[in-house]
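J.: take a look and give me a structure for this.
(one chain, ligands or ions: 1)
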Amino acid sequence: MKIGIIGYGSMGKMLLWKLSSNYKIDKSDLLVANRTPDKLEEAKDIAVICDNKALASAADIVFVCVRPADMKSVLQEIGPCLKSDALLVTLNGSITFDMIKKVIDHKTAKVIPSLTAEIDRSQTIVCFNGLVEDRDKDVLRELLGTIGEVIELPEKEVGMGSELVSCMPGFIASIFDVICTSAGSHTDIPREQIVKMVLNTMSATGDLMLIKDLSFDEVVERVATKGGITEEGTRVIYDMFPPAADEMFNKTLEKRRLTAENAGRSFEE
Ligand SMILES: NC(=O)c1ccc[n+]([C@@H]2O[C@H](COP(=O)([O-])OP(=O)(O)OC[C@H]3O[C@@H](n4cnc5c(N)ncnc54)[C@H](OP(=O)(O)O)[C@@H]3O)[C@@H](O)[C@H]2O)c1
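T.: Here you go, the predicted model:
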């Protein structure tokens with residue numbers, strides 16, 4: 001089976017290197033193409049460097065890892081070359097199957113990985129159009145399983161799913177950046193040490209909850225004894241943080257809606 005990756009940016013690069021190391025695929029079965037071919041020089045020992053059309057003619061799975069604005073032109077270019085049985089995979093949550101169908105009516109999957117794939121702990125969202133067969137789904141799940149967990153969602157939930165796994169590392173990093181900065185203004189402990197303490201505790205708390213199947217309430221109850229110090233802090237979070245969390249999702253989901261609208265217009269032209 002030959003796997004092709006079009007677009008060697010943040011996502012394409014991550015997928016190419018991860019598939020090469022984790023899926024242990026031969027160099028001759030891994031194909032890569034990029035608009036600026038010079039960038040592919042570093043990948044020449046793990047993949048065959050192609051142009052988009054040559055890649056689409058040879059690959060059994062074609063990952064299109066380009067930004068929404070470039071998606072239509074790439075699909076137009078590769079559409080006539082794709083093998084009839086190949087699985088087309090796009091990486092953008094705003095480009096719907098209906099938009100893609102206007103350019104090419106082909107079996108297509110959408111995949112949204114998370115940055116945490118870097119340590120093989122992605123929560124990767126997948127969804128499929130009606131043409132994808134069960135054996136294609138199994139192959140894709142197996143491939144993506146090498147970079148973490150695979151979560152299948154209906155297309156209408158891909159937006160929120162992306163917020164929860166693909167955007168979430170950014171949300172989590174910014175929330176704890178604020179907490180570390182505030183802690184720093186109340187202590188002489190160096191910032192570097194504060195960050196390490198908070199990150200290790202955050203990561204261990206997540207693992208503790210997953211391994212022991214604990215709910216948020218249970219953790220809060222275990223740590224925040226009635227009338228104690230932690231309870232003072234958790235009360236502030238529950239009183240003051242909900243409006244910020246609501247506003248965050250209002251803004252990101254609205255931005256997602258506008259991005260999808262713009263992408264839709266570009267597919268009409
Ligand atoms: N970044 C994330 O965390 C993330 C997570 C989930 C999904 N996604 C989605 O994944 C997609 C890619 O995102 P990204 O962050 O990887 O973008 P990126 O870093 O900007 O990379 C895009 C790549 O596509 C290449 N490209 C553009 N037009 C091309 C064409 N006609 N033929 C071949 N290659 C072409 C660009 O080439 P040049 O070198 O010439 O610029 C660039 O290397 C987007 O749709 C994004 O929404 C991203």
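
J.: residues near the closest residue to the ligand within the stretch 1-150 of the chain, how many?
T.: Among the residues of the stretch 1-150 of the chain, residue 9 lies nearest to the ligand; the distance is 1.7 Å by C-beta to the nearest ligand atom. C-beta here means a position set from N, CA and C on the backbone, and glycine is covered the same way. Residue 9: 15 surrounding residues under other C-beta atoms under 10 Å.

J.: in contact with it, which residues?
T.: 34, 65, 66, 67 (C-beta atoms under 8 Å, 6 or more residues apart in numbering).

J.: which SSE is the third one in?
T.: It refers to residue 66. Secondary structure from DSSP states H and E places residue 66 outside every helix and strand.

J.: list the contacts for residue 153?
T.: Applying C-beta under 8 Å, 6+ apart to residue 153 gives the contacts 125, 126, 127, 161.

J.: most neighbours of all those, which one?
T.: residue 125 leads the contacts of residue 153 on contacts (other C-beta under 10 Å) with 25 neighbours.

J.: partner residues bridging that one?
T.: residue 112, residue 151 (DSSP bridges).

J.: that one against residue 117, yeah?
T.: No. Applying C-beta atoms under 8 Å as the test, residue 125 and residue 117 come out as separate, 12.0 Å apart.

J.: any idea whether the residue lying closest to residue 71 once chain neighbours are set aside is helix, strand or coil?
T.: Spatial nearest neighbour of residue 71, chain neighbours left out: residue 95 (5.3 Å); criterion: C-beta to C-beta, 6 or more residues apart in numbering. Secondary structure, DSSP: H, G, I helix; E, B strand; the rest coil: residue 95 is coil.

J.: same deal with residue 4?
T.: strand.

J.: how many other residues sit next to it?
T.: The local packing of residue 4 (other C-beta under 10 Å) involves 29 other residues.

J.: and it, how close does it get to residue 23?
T.: Counting by C-beta to C-beta, to the nearest Å, the gap from residue 4 to residue 23 is 14 Å.

J.: ditto for residue 231
T.: On the measure of C-beta to C-beta, residue 231 and residue 23 end up 48 Å apart.

J.: circling back to that earlier point, so of the contacts of residue 9, which two are at opposite extremes in space?
T.: Across the contacts of residue 9, the longest distance by C-beta to C-beta is 12.7 Å; it joins 34 and 67.

J.: which of these two has more residues huddled nearby?
T.: Neighbour tally, residue 34 and residue 67, criterion other C-beta under 10 Å: the higher count belongs to residue 34, 22 against 12.

J.: just the pLDDT at that one, thanks.
T.: pLDDT, residue 34: 98.
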